[in-house]
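Novice: Sequence first, then the predicted structure:
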Amino acid sequence: MTRSQPAHEPLLDGVRGLAILLVIFFHSSLIPVKNSMDKILHGAALGGWAGVDLFFVLSGFLITGILLRTKEAPNFFFNFYMRRTLRILPLYYLFLILAFYVVPQTVQFGFTYWTFLSNILLGRLGQFQSPVLDITWSLAVEEQFYLLWPLVVWATKREKLEKVAALLFFLSLGTRLGLFLSGSNAMKNYVLLICRMDSLCAGAWLACRIQTLSPGFLRKIFFSFLGIVAVIFAMDVGVLSPIMRTVGYSANAVLAASLIGCLCKPEPFFLKSLFGSKFLRLCGKYSFGMYLFHMPLIHWMYSQGQTFWMGFPIQVLFHVLSALGTLLVAMLFYHGYEKHFLRLKKYFENQPELVTALAS
């Protein structure tokens, strides 16, 4: 007997919400450190980049679940790509129009941002160009994954797909190790699809095995890697540090995958109340807009009063206002613009009776 993976798990909105708040926390750590309290807060904020890893794992998990459920449905590819197009392109291209033509950003090879190749550009340059535009590298990674992964799922038997995901996980880790040992620039390890495939494929592997993994096993993996990641971050949380761009990203991926697995199981888990909170779920709902627009808002806020944003309480206030301000902006764009395109996704749904269920 089979049963399908739930099409929507509310707790995963909370995971998405935490991921975007971590990213905002990281990017809003602009204020100079003056004392020990500032240093503690700043050090915590510098680990917020790991929210991107959480996004990658969640994307791999959700997309693979969708593809497995709809693999035998008519118009498998067309419906999938149309729904992804309506989800991503309208708001993304509006963001680019604003960034290039309303408040112009000066960058090399601007066409790469329009074609989801900005990660390849940054890997080649070896450095970031624009704080406003360069956050699109992670969207480029995901879009490249969305382009290729449906073909893999369609061509691979379900029982072998988890092996393919595992193979790509270790291929990604091995590629990063090879680039590191060869002395290649650190940026490649961080932004290229092949180097970040481990996070996406950790989520994909989980989607293949979620029904057969026991809650006890998932909890053991979670607590084990929570300790491993804590040690790694205590050593060095730098996003381009040697330990991070070799094994660190992979450790983050396993931790994130085990967390998502624990949340998807019906058994009690001590973090379910946190990820079920209304605020995290609200941030998760608007996370795409928050991701696109948080950098312009943060830098505008900071530029309005650099001398004011000093001291520990003011730093906390800056982080809070960055998150709340970004949430407000994302909500305005969602209800005024984005949701009108999302409503069109209903025309590209697969018929439930033709959907392939995930094996229990």
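Specialist: Cool, got the structure. Because the structure is a prediction, the values reported are computed rather than measured.
Novice: Any chance you could list what contacts stretch 303-320?
Specialist: Here stretch 303-320 makes contact (C-beta atoms under 8 Å, 6 or more residues apart in numbering) with 24-25, 28-32, 34-35, 37-38, 41-42, 45, 301-302. All C-beta spots, glycine's among them, are computed from the backbone N, C-alpha and C.
Novice: Could you identify the most distant pair in those?
Specialist: Farthest-apart pair in these is 24 and 35; separation 23.4 Å (C-beta to C-beta).
Novice: More neighbours: those two, which one.
Specialist: residue 24 (27 against 9; other C-beta atoms under 10 Å).
Novice: Which of the three states applies to the nearest residue to residue 194 once chain neighbours are set aside?
Specialist: Closest residue to residue 194 apart from its sequence neighbours, by C-beta to C-beta, 6 or more residues apart in numbering: residue 175 at 5.2 Å. Using DSSP: H, G, I helix; E, B strand; the rest coil, the structure places residue 175 in helix.
Novice: do the same with residue 72
Specialist: Going by three-state DSSP: residue 72 is coil.
Novice: Quick one: neighbours of it, just the number.
Specialist: Based on other C-beta under 10 Å, the number of other residues close to residue 72 is 13.
Novice: With residue 154 as the reference, measure out to it.
Specialist: 10 Å (C-beta to C-beta, to the nearest Å).
Novice: Repeat that for residue 240.
Specialist: 36 Å.
Novice: Which ones among the contacts of stretch 303-320 lie within helices?
Specialist: Among the contacts of stretch 303-320, DSSP state H puts 24, 25, 37, 38, 41, 42, 45, 301, 302 in helices.
Novice: Tell me if I'm right that the fourth one and residue 31 touch.
Specialist: Going back to what we said before, that points to residue 38. Yes. Contact criterion C-beta atoms under 8 Å: residue 38 and residue 31 qualify, at 7.5 Å.
Novice: In terms of packing, which of those two has more residues around it?
Specialist: Shown here are residue 38 and residue 31; by other C-beta under 10 Å, residue 31 has more neighbours (21 against 17).
Novice: Contact partners for the more buried one?
Specialist: Counted by C-beta under 8 Å, 6+ apart, residue 31 has contacts 38, 42, 302, 309, 310, 314, 315, 318.
Novice: And the pLDDT at it?
Specialist: Residue 31 carries a pLDDT score of 77 in this model.
Novice: Distance check, it against residue 45.
Specialist: 10 Å.
Novice: Show me where the stretch 151-300 of the chain has its helices.
Specialist: For the stretch 151-300 of the chain, the helices defined by DSSP state H, counting those that start in this stretch occupy 158-181, 186-191, 193-209, 215-235, 249-264, 272-275, 278-285, 287-303.
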